[in-house]
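Asks: Have a look at this prediction, sequence included:
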Amino acid sequence: MKYFKDENDQIFAFDEDGSQDSYIGENYTAVTKAQADAIISANSVPIAQVSRAQGKAALIQAGYWPSVVAFVEAIPDPTTKALAEVALYDTTNWQRNSPFLSTAAESLDISASELDQLFLVASQIQL
């Protein structure tokens, strides 16, 4: 296989024999298999969803729960605050790509890799 990436770091693999070369875009850049694997790994979310209970337990264990609650309580706009409360307290599952989750993590200085780790830990919690 030969590997290419586009400007969004999406990886494409094509047969070595040239039979698929017509599908190689002009904006594609050739990369090695190791580079393609690294890009895929870096862009992958290891765990996309956990239950609310698992997520809360992971936040409690990591010491983030009080900060998360304080973050939601401090939201000044009533509608935004109500929606954040729904996301925090009422959803069945927490999605890794949730806009609320991204905003809360950024506000609490939780990096993307730390968030991934929290989801991994949460996914292993059995209550």
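Replies: That came through fine. Numbering: from 1, shown residues only.

Asks: Quick one: low-confidence residue ranges for the protein.
Replies: Along the chain, segments meeting pLDDT under 70 span 42-45.

Asks: Could you rerun that using 80?
Replies: Residues of the chain that meet the criterion pLDDT under 80 lie in 39-46.

Asks: all helices of the protein, in order?
Replies: Using DSSP state H, the helices of the chain run over 33-43, 52-62, 65-73, 78-85, 99-107, 112-123.

Asks: Between helix 99-107 and the shortest one, find me the angle.
Replies: In other words, helix 78-85. Helix 78-85 and helix 99-107 meet at an angle of 90 degrees, taking axes from the mean of the first three to the mean of the last three C-alpha atoms, to 10 degrees as the criterion.

Asks: okay, the angle between helix 78-85 and helix 65-73?
Replies: Going by the same axes, to 10 degrees, helix 78-85 makes 150 degrees with helix 65-73.

Asks: what does helix 78-85 contact?
Replies: With C-beta atoms under 8 Å, 6 or more residues apart in numbering as the test, helix 78-85 has contacts from 72-73, 75, 100, 104. C-betas here are computed from N, CA, C, even on glycine.

Asks: Pull the distance from it to the chain's centre.
Replies: Helix 78-85 sits 22 Å away from the centroid of its parent chain (C-alpha atoms, centre = their mean, to the nearest Å).

Asks: Going by neighbour count, which residues of that helix are buried?
Replies: If you call a residue buried by 16 or more other C-beta atoms under 10 Å, then helix 78-85 has these buried ones: Ala84.

Asks: again, but for stretch 104-120
Replies: Here stretch 104-120 shows 104-105, 110, 115, 117-119 as buried, counting by 16+ other C-beta under 10 Å.
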